[in-house]
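# return a 3D structure for these sequence lines:
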Amino acid sequence: MSLPPVVVGRPRSTPAWFWWLIGFVVLMLVACAITAAVLLTARFGGGARSGDVAYTLRVSDKDGRAPDEGTMEETRKILQDRLRTLDVDRPHVDKTAADTLRVTAAHGDAERVKAVLAPGHLTFRMVLGQTPKGAADADCQAGVQVPGDPAGPLASAKAKLGDATYAAAGALTGPDDPAGGKLTGFDKLTCAEVAALPAAMQYNVPGVSCTMLGHRPAGAPADGDGVTACDEHNKYRLDVAKVSGEDLAEAKAGTRADIGAYVVTISFTSAGQGRWTDLTREALGQQVAILVDDEVVSAPMIQGVIPGDAEISGGELSQRDGATSLAATLSSGALPAQVTITATGTVD
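Next up is the predicted model:
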């Protein structure tokens with residue numbers, strides 16, 4: 001039995017236009033890849049450019065000593081991560097000496113970069129008292145500001161003020177005590193000496209201005225200590241920290257349509273959520289101050305027990321730069337060391 005003949009047809013050739021199309025697509029993909037590489041290099045790579053802002057940071061352990069290599073590298077990485085989160089152009093953080101970092105970025109981002117060059121330790125504290133910051137604007141003396149044991153600065157502060165003035169300051173019952181207005185000499189203290197004064201004295205003495213408190217050596221007060229700190233309007237006497245940065249899971253900046261402004265939303269770890277909810281229950285009908293290092297960034301009135309996220313708003317945080325800078329600082333975690341800006345310049 002014979003099989004029917006098989007007719008083998010001649011294969012049809014691929015049209016020329018098809019190959020032109022393939023070539024065009026390949027060229028477009030290559031062009032897009034090159035463009036992306038150029039843009040990424042311009043933003044993140046290629047080193048600093050002439051005219052970029054340059055900050056020199058001195059880094060020290062929390063006891064004031066020179067940091068070890070591990071602390072330096074962790075500090076460098078956290079700062080680099082903050083700058084990338086902040087989405088600035090050409091962010092670089094380089095170690096230039098055993099205790100020195102150099103931070104560079106596009107000059108147009110100078111203020112945003114400076115805003116994240118701080119330890120970034122977050123605490124939530126009940127407000128025990130507040131008083132208008134007033135017109136007093138005396139500043140402390142620069143002096144030598146080395147973080148560490150405050151015993152030395154406190155002893156020198158007592159010596160400058162004298163036993164009688166120091167004792168009278170310690171006996172004040174509040175910022176409205178008439179005796180406080182008669183006390184002098186606090187403007188002669190260095191910023192480190194002001195920082196070493198007891199928190200109650202910082203709050204009660206009118207001569208200790210918010211300008212002085214704002215120029216204390218960079219660093220975060222201990223969670224277990226009460227503190228005095230300021231925002232743009234008030235001086236606050238604050239309780240120990242009940243919630244801290246270790247309880248934070250995430251911080252995001254975004255806008256709220258109902259108020260037409262930026263806010264920073266903080267979500268907590270499971271343990272941190274319990275502590276935050278407990279704090280809002282304890283502080284119901286009172287204010288809770290939210291501090292970053294020793295500055296009050298918000299002091300909302302707690303109007304109900306909050307089982308969810310915390311929201312920080314108002315002041316500079318209502319603008320994009322303020323909100324994104326704070327979110328970038330908090331999201332990366334606090335620095336393991338103290339940092340002080342010792343020089344500001346530009347890249348040659």
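# pLDDT score assigned to residue 11?
Note on residue 11: pLDDT of 50.
# next one: residue 7
42.
# give the other helices and strands that the helix or strand encompassing residue 155 contacts.
Element membership for residue 155 (DSSP states H and E) is helix 151-161. For helix 151-161, the packing partners by 3 or more CB pairs under 8 Å, 6 or more residues apart in numbering; DSSP states H and E come out as helix 163-170, helix 191-196. No exception for glycine: its C-beta is placed from N, CA and C like everyone else's.
# hey, which of the ones you listed is tucked in deepest?
Comparing these by mean neighbour count (mean count of other CB atoms under 10 Å), helix 191-196 ranks first with a mean of 24.
# what's the mean pLDDT across that helix?
Helix 191-196 shows a mean pLDDT of 92.
# ok, now stretch 102-116?
According to the model, stretch 102-116 has a mean pLDDT of 95.
# same check on stretch 73-84?
On average, stretch 73-84 scores 96.
# next: stretch 132-150.
What stretch 132-150 shows for mean pLDDT is 73.
# endpoints of stretch 99-109, how far apart?
End-to-end span of stretch 99-109 (CA to CA, to the nearest Å): 25 Å.
# what residue ranges in the stretch 151-300 of the chain score low on pLDDT?
Low-confidence segments of the stretch 151-300 of the chain (pLDDT under 70): 218-220.
# list the buried ones in the helix holding residue 155?
153, 154, 156, 157, 158, 160, 161 (16 or more other CB atoms under 10 Å).
# nearest residue to the fourth one other than its sequence neighbours?
Of all residues beyond its chain neighbours, the one nearest residue 157 is residue 193 (3.9 Å), with distances taken as CB to CB, 6 or more residues apart in numbering.
# touching, the one you found and residue 152? I think so.
No: contact between residue 193 and residue 152 fails when scored by CB atoms under 8 Å: they sit 9.2 Å apart.
# state the three-state secondary structure for residue 212.
helix (DSSP: H, G, I helix; E, B strand; the rest coil).
# now name the helix or strand holding the closest residue to residue 231 other than its chain neighbours.
Leaving out its chain neighbours, the residue that sits closest to residue 231 by CB to CB, 6+ apart is residue 296, at 4.1 Å. Residue 296 belongs to strand 295-298 when assigned by DSSP H and E.
# now for that strand, which elements pack on it?
By 3+ CB pairs under 8 Å, 6+ apart, strand 295-298 packs against strand 227-230, strand 288-292.
# next secondary structure after the shortest one?
Tracing the chain C-terminally past strand 227-230 and defining elements by DSSP H and E, one meets strand 234-244 next.
# helices or strands up against the host helix or strand of residue 277?
Under the criterion of DSSP H and E, residue 277 resides in helix 270-282. Packing partners of helix 270-282 (3+ CB pairs under 8 Å, 6+ apart): strand 122-132, strand 234-244.
# now render those strands as CSV, adding mean neighbour count and distance to residue 51.
Converted to CSV, these look like this (neighbours: other CB atoms under 10 Å; distance: least, CB to CB, whole Å):
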stretch, mean neighbour count, distance to residue 51
strand 122-132, 20, 34
strand 234-244, 22, 39
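# dump these to JSON lines, plus distance to residue 102.
Converted to JSON lines, the helices and strands packed on helix 270-282 look like this (distance: least, CB to CB, whole Å):
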{"stretch": "strand 122-132", "distance to residue 102": "26"}
{"stretch": "strand 234-244", "distance to residue 102": "30"}
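# in the helix or strand hosting residue 267, which residues are buried?
Per DSSP H and E, residue 267 falls inside strand 261-268. For strand 261-268, burial by neighbour count (16+ other CB under 10 Å) applies to 262, 263, 264, 265, 266, 268.
# can you pick out the most distant pair from those?
262 and 268 (20.5 Å; CB to CB).
# per the annotation, how does this structure divide into domains?
53-119, 121-132+220-332, 138-208 (automatic domain parsing).
# end to end on stretch 273-292, go ahead and measure it.
19 Å.
# okay, buried residues for it please.
Result for stretch 273-292 [16+ other CB under 10 Å]: buried residues 273, 275-277, 279-280, 283, 287-292.
# let me see the contact set for the residue lying closest to residue 330 once chain neighbours are set aside.
Excluding the flanking residues, the one nearest residue 330 by CB to CB, 6+ apart is residue 251, at 3.9 Å. Residues near residue 251 by CB atoms under 8 Å, 6 or more residues apart in numbering: 264, 265, 266, 267, 326, 327, 330, 331.
# now the element after the helix or strand containing the fifth one, going C-ward?
If you go by DSSP H and E, residue 326 is part of helix 320-331. Per DSSP H and E, helix 320-331 leads on to strand 338-346 as the next helix or strand towards the C-terminus.
# restricting to C-alpha, output that next one in PDB.
Extracted C-alpha coordinates of strand 338-346, given in PDB (Å, rounded to 0.1, in the frame of the first residue of the first chain):
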ATOM      1  CA  GLN A 338      27.100  62.000  68.700                       C
ATOM      2  CA  VAL A 339      27.800  64.100  65.600                       C
ATOM      3  CA  THR A 340      28.800  67.800  65.500                       C
ATOM      4  CA  ILE A 341      29.100  69.900  62.400                       C
ATOM      5  CA  THR A 342      32.500  71.500  62.600                       C
ATOM      6  CA  ALA A 343      32.700  73.100  59.100                       C
ATOM      7  CA  THR A 344      30.500  73.900  56.200                       C
ATOM      8  CA  GLY A 345      31.900  74.600  52.800                       C
ATOM      9  CA  THR A 346      31.800  73.700  49.200                       C
END
